[in-house]
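Trainee: Sequence and predicted structure are below.
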Amino acid sequence: MTPEEFRKMGYQIIDWIADYRAKVDDYDVMSTIQPGDVRNKLPKSPPESRETFDSILSDLDDAIVPGITHWNHPSYFAYFPGNAVLSSILGDFLSSGIGGVGLNWQSMPALTEVEEVVTDWMRQMVGLSSEWDGVIQDTASTSSLIALLCAREYGSDYSQMNTGLQKSDSPLVVYSSIQSHSSVKKAALLAGFGLDHVRFIDTDENYALDVKKLESTIKADIENGLRPCAIIATTGTTSTTAIDPIADIATIAETYDMWLHVDAAMAGSAMILPECRWMWNGIEKADSIVINAHKWLGVVFDCSLYYTRKSEHLIRVMSTNPSYLQTAVDQETKSYRDWGIPLGRRFRSLKLWFLIREQGISGLQERIRRDMENAQWLFQQIEATPEWEVVAPVQLQTVCVRHIPDGVADDELDKHTLRWANVINSSGAAYLTPAILDGRWMVRISIGAENTTLDHVKALWSTMQDAVRSTDE
């Protein structure tokens with residue numbers, strides 16, 4: 001492909017994306033195709049010779065689009081806001097177009113320094129002190145793994161440089177809430193702690209980690225010859241966006257010399273609102289934090305911000321320094337290969353840089369406040385309507401709900417919940433995700449797509465009531 005061919009085809013792609021975004025609310029939100037439908041529309045063997053770009057675009061429309069669930073649809077209320085703001089997409093285009101790989105400062109000076117700038121911008125935007133240093137990872141799952149690798153080395157006097165955990169006299173233990181993300185368990189296993197040394201602590205009535213139970217569990221482990229190593233606290237849990245008491249947990253971590261990592265993957269974006277920072281009161285005593293800018297904030301996936309107050313420790317754990325990557329300026333610059341697992345990295349910071357500059361802090365704040373206000377509106381409607389109940393505090397933009405008809409309970413209630421949620425999802429009018437809370441199914445409504453307005457939330461509430469009536473008939 002020549003630069004001129006690229007220019008022509010690139011315009012077509014930009015037009016395609018612009019048209020798609022302009023009419024995205026014309027689509028059914030959730031794809032309803034069956035497994036194998038996309039694959040069966042595509043050739044089983046690769047083409048022997050070059051195909052025309054028109055034929056590729058034709059297959060995009062005919063084969064790919066039916067298999068897309070539209071995360072940027074204004075009636076998308078599933079999982080989490082996975083916004084891909086258009087300005088951020090342009091930054092991602094540039095990253096791919098430049099095509100550079102960051103191995104050290106010298107390999108891509110701008111990559112390193114723009115990342116330094118935008119992670120520091122975000123540090124300031126969420127109210128963290130200058131003690132914190134940031135780096136862009138791919139996802140919160142990777143960030144949790146890095147945090148636990150750092151915790152492991154912190155708690156084992158850098159065992160990776162000798163026997164690893166193989167000869168530990170006091171096995172290391174990780175603690176988290178039963179409401180923590182599944183990636184915490186996965187990270188603990190990958191970091192070598194072993195499932196026998198991962199504790200999932202019960203929560204209080206608001207689904208936040210119970211501090212008294214945490215401390216009693218830690219004391220019991222110490223009495224049994226174990227070494228408490230790390231606590232993973234959460235600001236905005238996945239199921240209910242519960243808020244763990246960071247300050248109290250930090251006191252415990254400090255008392256027992258443990259690493260404290262705070263998972264603020266989705267809710268961290270809300271910390272650009274000063275009025276929300278009570279949610280992670282005590283954060284300055286944590287050792288590391290993750291904020292997914294590719295969720296509610298609006299950066300196109302993937303862009304996970306990992307912050308630590310102990311960057312020297314992170315570098316010691318992650319550092320690799322082969323001769324072919326050494327340069328004369330290494331002592332003056334950051335080598336982000338020593339800040340995470342991959343050796344090379346994309347120019348991810350461009351998409352965050354574009355977003356912040358194009359939206360401004362005030363624009364981002366306005367959108368997040370709008371989403372939280374819309375969640376409160378829905379909460380009030382549900383609370384005021386018989387047979388409906390909100391089953392968890394609405395502190396951010398997620399509303400957890402059940403419809404409870406008279407005389408319906410337990411397994412039948414579960415079936416009823418899944419039935420009305422499926423009616424909505426299969427209709428294409430909206431997309432919601434059921435989840436289990438206290439052993440029973442409920443429905444999560446995650447408000448935060450870029451183009452979701454109060455009118456869309458009002459339409460969803462009507463759709464929910466219609467779905468319940470249709471399952472009762």
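Mentor: Sure, I can see it. Numbering: from 1, shown residues only.

Trainee: Below-threshold pLDDT in the chain: ranges please.
Mentor: In the predicted model of the chain, residues 166-167, 472-473 satisfy pLDDT under 70.

Trainee: remind me, longest helix of it?
Mentor: The residue-count maximum for a helix in the chain (DSSP state H) belongs to helix 349-383.

Trainee: Dihedrals phi and psi, residue 73?
Mentor: For residue 73, the backbone dihedrals are phi -70, psi 140 (criterion: degrees, to the nearest 10).

Trainee: wouldn't residue 286 be in contact with residue 258 here?
Mentor: No: judged on Cβ atoms under 8 Å, residue 286 makes no contact with residue 258 at a distance of 11.0 Å. C-betas here are computed from N, CA, C, even on glycine.

Trainee: could you pull out the strands for the stretch 1-150 of the chain?
Mentor: Taking DSSP state E, counting those that start in this stretch, the strands of the stretch 1-150 of the chain run over residues 133-137.

Trainee: and the longest helix of the chain, which residues are buried?
Mentor: For helix 349-383, the neighbour count (16 or more other Cβ atoms under 10 Å) marks 349-356, 359, 364-365, 367-368, 370-372, 374-375, 377-379, 381-382 as buried.

Trainee: Stretch 288-307 too?
Mentor: For stretch 288-307, burial by neighbour count (16+ other Cβ under 10 Å) applies to 288-307.

Trainee: Compute the number of surrounding residues for residue 469.
Mentor: By other Cβ atoms under 10 Å, 11 other residues sit near residue 469.

Trainee: now residue 157
Mentor: Residue 157: 8 surrounding residues under other Cβ under 10 Å.

Trainee: Three-state assignment for it, please.
Mentor: Using DSSP: H, G, I helix; E, B strand; the rest coil as the criterion, the local structure at residue 157 reads coil.

Trainee: Could I get the phi/psi values of it?
Mentor: Dihedral angles of residue 157 (phi, psi; degrees, to the nearest 10) stand at phi 60, psi 50.

Trainee: Test my guess that residue 140 contacts residue 303.
Mentor: No: counting by Cβ under 8 Å, residue 140 stays clear of residue 303, with 10.8 Å between them.

Trainee: how about the nearest residue to residue 291, chain neighbours excluded?
Mentor: residue 268 (3.0 Å; Cβ to Cβ, 6 or more residues apart in numbering).

Trainee: Residue 464 now?
Mentor: Per Cβ to Cβ, 6+ apart, closest to residue 464 is residue 424, 6.8 Å.

Trainee: for the host helix or strand of the one you found, which positions count as buried?
Mentor: Per DSSP states H and E, residue 424 falls inside helix 410-427. Applying a neighbour-count criterion of 16+ other Cβ under 10 Å, the buried positions in helix 410-427 are 413, 414, 416, 417, 420, 421, 423, 424, 425, 427.

Trainee: Distance of residue 254 relative to residue 100?
Mentor: Distance of residue 254 to residue 100, computed by Cβ to Cβ, to the nearest Å: 42 Å.

Trainee: And residue 464, by the same measure?
Mentor: In this view, residue 464 and residue 100 are 48 Å apart by Cβ to Cβ.

Trainee: Those two: who's more crowded?
Mentor: Remark: of residue 464 and residue 100, residue 464 carries more neighbours, 26 against 16, as counted by other Cβ under 10 Å.

Trainee: contacting residues around that one?
Mentor: Residues near residue 464 by Cβ atoms under 8 Å, 6 or more residues apart in numbering: 401, 403, 420, 424.

Trainee: With distance to residue 73 added, can I get those residues in CSV?
Mentor: Output for those, formatted as CSV (distance: Cβ to Cβ, whole Å):
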residue, distance to residue 73
401, 20
403, 23
420, 20
424, 13
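
Trainee: Would you tell me which one of those comes nearest to residue 10?
Mentor: Set against residue 10, the nearest of the contacts of residue 464 by Cβ to Cβ is residue 424 (37.9 Å).

Trainee: quick one: that closest one and residue 430 touch, right?
Mentor: Yes: assessed by Cβ under 8 Å, residue 424 is found in contact with residue 430 at 5.4 Å.

Trainee: joint contacts of the two?
Mentor: Common contacts of residue 424 and residue 430 (Cβ under 8 Å, 6+ apart): residue 463.

Trainee: and the nearest residue to residue 267 once chain neighbours are set aside, how many neighbours?
Mentor: For residue 267, ignoring the flanking residues on the chain, the nearest one in space by Cβ to Cβ, 6+ apart is residue 236 at 2.6 Å. Close neighbours of residue 236, defined as other Cβ under 10 Å, add up to 27.

Trainee: List the beta-bridge partners for residue 308.
Mentor: Taking DSSP bridges as the rule, residue 308 bridges to residue 133, residue 288.

Trainee: That one against residue 315, yeah?
Mentor: No: Residue 308 lies out of contact with residue 315 (Cβ under 8 Å); the separation is 9.8 Å.

Trainee: the more surrounded of those two?
Mentor: Set residue 308 next to residue 315 and count neighbours by other Cβ under 10 Å: residue 308 wins out with 23 against 16.

Trainee: mind checking how far that one is from residue 292?
Mentor: In terms of Cβ to Cβ, residue 308 sits 16 Å off from residue 292.

Trainee: Ok, residue 272 next?
Mentor: From residue 272 to residue 292 the distance is 13 Å (Cβ to Cβ).

Trainee: Also residue 451?
Mentor: Taking Cβ to Cβ, one finds residue 451 at 20 Å from residue 292.

Trainee: Residue 269 now?
Mentor: Residue 269 sits 8 Å away from residue 292, taking Cβ to Cβ as the criterion.

Trainee: now residue 454
Mentor: Taken as Cβ to Cβ, the span from residue 454 to residue 292 is 25 Å.

Trainee: Ok, residue 280 next?
Mentor: With Cβ to Cβ as the criterion, residue 280 and residue 292 are 15 Å apart.

Trainee: likewise residue 337?
Mentor: Taking Cβ to Cβ as the criterion, residue 337 is separated from residue 292 by 22 Å.

Trainee: Please enumerate the shared neighbours of residue 140 and residue 303.
Mentor: In terms of Cβ under 8 Å, 6+ apart, residue 140 and residue 303 are both contacted by the residues residue 292.

Trainee: Please compute how far stretch 303-317 lies from its chain's middle.
Mentor: Put simply, stretch 303-317 sits 18 Å off its chain's centre (Cα atoms, centre = their mean, to the nearest Å).

Trainee: so how far is the first residue of that stretch from its last?
Mentor: 22 Å (Cα to Cα, to the nearest Å).

Trainee: Give me the distance between the two termini of stretch 102-112.
Mentor: Using Cα to Cα, one end of stretch 102-112 lies 7 Å from the other.

Trainee: Kindly report the same for stretch 434-445.
Mentor: Terminal residues of stretch 434-445 are spaced 9 Å apart (Cα to Cα).

Trainee: Just give me how far that stretch sits from the chain centre.
Mentor: 19 Å.

Trainee: Could you give me the buried positions within that stretch?
Mentor: Neighbour counts over stretch 434-445 (16+ other Cβ under 10 Å) mark 434, 437, 441, 442, 443, 444, 445 as buried.

Trainee: which stretches of this structure form helices?
Mentor: Counting by DSSP H, the helices of the chain are 3-22, 37-40, 53-59, 86-98, 109-125, 140-155, 182-190, 211-223, 246-255, 311-318, 349-383, 410-427, 454-472.
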